[in-house]
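Asks: Below: sequence and its predicted model.
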Amino acid sequence: MKQVLSQQEIDSLLQAVESGEIDAAGIDEQEQEKNKVKSYDFRRPARLSKEYITTLNMIFEEFAKIIGNILSTQIRTNVDVKLASIEQVSFDEFVHSVPRFTLMGLFRSAPLEGTQIIELNPQLCLQLVDLLCGSSEIRKNDEVMSKNSFTDIEMAILEEILTNFSQSFELAWRDVVDLKVKIDSTETNPQILQTMSPNEPVVLVTLTVELHGVKTFINVCVPYIFFEGILEKLSLRNWFHSEKETDHTDSGKLEKSLHSAPVNMEVLLGETVMTLENFLQLELGDIIPLDGKTSDPLVLSVEELPRYFVKPGLKGKNMAVEVLQYIGGETDE
């Protein structure tokens, strides 16, 4: 209900304006600002609040960390992957923001709706393929730009990388929702994508990848429909409240009891790819060249999770490894 001023109150206000106690110009500016019409771009509707975007930042920072560890393990050198930005754009804007020739993995994450897309910059794709095949040279930008298709061998390697990235997507969301990710298909031409309407709102996550001094990008396109069923779980209040509810009374006893628990540790000597014909012709005494050099560090996995770079050797009569570095370049706690 609006307040009605008495004549005495009106006279007092007029006197205050005349004496300079109240700035009339300031009142007019505040009123104009209040009534000012703000522009709204219906082609780029902002569907997620800043609070939800903050939560997504934490999730995709974890996603970047997992990817960095996986790539570091596969190519046996440190790969720096960082979250660069999270934007709300239309699907059409995403399509026109990526190269005409690129690698895209289209996947679904049950039980949530929609198709998500992981896009790997072609320069990153070729760099990873070369390193995994034993080459240490970096292709020139002109060579990358002139390429318009991947070979069968390149696609086989890249599809394996996409599978690992989709599993990383599962892990990054595990504190919010249990996902079962399945890759539906791979594409190299973004212009033929028909998974969403052009104006459908999506969240575009951009990661930077720095490898051997070369910076490239990974994009993750997630439609808004993916988030509709979990908006409450993305609330910061719910996020931190669930953490506070954790019972830590017996955490000390639990940690102490785990000290004597056995864990399985494995060291991967190397990998290689061969044709089925060569495999069927293998005989005793045949030598199989592996993908790594004798000077390359090996990967030590703990319960099937890559954890350390190690160097093989002997201790007494037993084979042994020397720990060189925690994967990711951080101190293991």
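Replies: Now that the structure is in, tell me what you want to look at.

Asks: what's around residue 126, how many residues?
Replies: Using other C-beta atoms under 10 Å, residue 126 has 21 neighbouring residues. In this view, the C-beta of every residue, glycine as well, is placed from N, C-alpha and C.

Asks: quick one: contacts for the nearest residue to residue 79 once chain neighbours are set aside?
Replies: Leaving aside its sequence neighbours, residue 79 sits nearest to residue 71 (C-beta to C-beta, 6 or more residues apart in numbering; 4.1 Å). Residues near residue 71 by C-beta atoms under 8 Å, 6 or more residues apart in numbering: 79, 81, 128, 209, 211.

Asks: In a strand, the fourth one, correct?
Replies: Looking back up the chat, that one is residue 209. Yes - counting by DSSP: H, G, I helix; E, B strand; the rest coil, residue 209 falls inside a strand.

Asks: Report the beta-bridge partners for it.
Replies: residue 81, residue 216 (DSSP bridges).

Asks: That one contacts residue 165, correct?
Replies: No - under the criterion of C-beta atoms under 8 Å, residue 209 makes no contact with residue 165, lying 11.4 Å away.

Asks: Now the common contact residues for those two.
Replies: Contacts common to residue 209 and residue 165, judged by C-beta under 8 Å, 6+ apart, are residue 218.

Asks: Need the pLDDT of the residue nearest to residue 79.
Replies: With respect to pLDDT, residue 71 has a value of 87.

Asks: gap between residue 185 and residue 224?
Replies: Distance of residue 185 to residue 224, given as C-beta to C-beta, to the nearest Å: 22 Å.

Asks: So for the top helix by length along the chain, what gets flagged as buried?
Replies: Identified as the longest helix of the chain according to DSSP state H is helix 50-75. Going by neighbour count (16 or more other C-beta atoms under 10 Å), the buried part of helix 50-75 is 52, 55-56, 59-60, 62-75.

Asks: Same question for stretch 78-97.
Replies: 78-79, 81, 83-84, 86, 88-91, 93-95.

Asks: cool, and stretch 279-296?
Replies: 291, 292, 296.

Asks: quick check, nearest of these to residue 15?
Replies: Nearest to residue 15 among those: residue 296, at 86.6 Å, using C-beta to C-beta.

Asks: and residue 203, that one's in a strand?
Replies: Yes - if the criterion is three-state DSSP, then residue 203 is within a strand.
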